[in-house]
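[1] requesting a structural model of the entry that follows:
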Amino acid sequence: MGACIASALCCAGQCCCSCLCWPCRMASVQSQNYARIGYVFLQAINMGLSFLFIYLYGMFFSAGDKLQCPGSSTETMNIACTQTNSIVRMSFALAVFHLTTTLILLPKSQFSAIYHDAMWTFKFMFIWLLWLGMMFVNTQPFLQGYMQVARAISFLFLMY
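    Now for the predicted structure:
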């Protein structure tokens, strides 16, 4: 059963890669740049999904203890706060993904090359599962700290 699911995911990933690589081939983009373009699409799609989640929030979650925002006295304020936190949670999931990817690529081994150029279905699943898991992390202490660190790092990035 697991082998069938893994095979189906691999086939779906290969189909998506073929569809994304076709315009690159038509535009005469060199094949070594396909992975770079893939990472741009990976981030754009995932951030787009977090924006889409803002509008679809009510269909998936009801206001529960784990998803409440601090200081929200009404359910309307809680829903508005949680929806915008979806973007921060996706930002954190992408930051963890890129840190993990950096650590995997550091050894410059055969696995590093395979991971960099392939395994796109695994990469999407990793980000989505991390994002969904982050929905149940309390907003106040953890994400507030993450936002401060992200602000400092982005300031350094812009200054560089």
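[2] give me the number of residues near Ile127?
    The tally of other residues near Ile127 (other CB atoms under 10 Å) stands at 22. Backbone N, C-alpha and C define where each C-beta goes, glycine included.
[3] verify the contact between it and Leu49 for me.
    No - counting by CB atoms under 8 Å, Ile127 does not reach Leu49; the two are 9.3 Å apart.
[4] tell me which strands and helices the host helix or strand of Ile127 is in contact with?
    Taking DSSP states H and E as the definition, Ile127 sits inside helix 120-134. If contacts are counted by 3 or more CB pairs under 8 Å, 6 or more residues apart in numbering; DSSP states H and E, helix 120-134 sits against helix 2-26, helix 34-60, helix 75-105.
[5] least confident of those helices, on average?
    For the helices and strands packed on helix 120-134, the stretch scoring lowest in mean pLDDT is helix 2-26; its value is a mean of 68.
[6] what's the end-to-end length of stretch 140-147?
    Stretch 140-147 has an end-to-end distance of 11 Å (CA to CA, to the nearest Å).
[7] just to revisit the earlier point, show the subsequent helix or strand relative to the helix holding Ile127.
    Using DSSP H and E, the helix or strand that follows helix 120-134 towards the C-terminus is helix 144-159.
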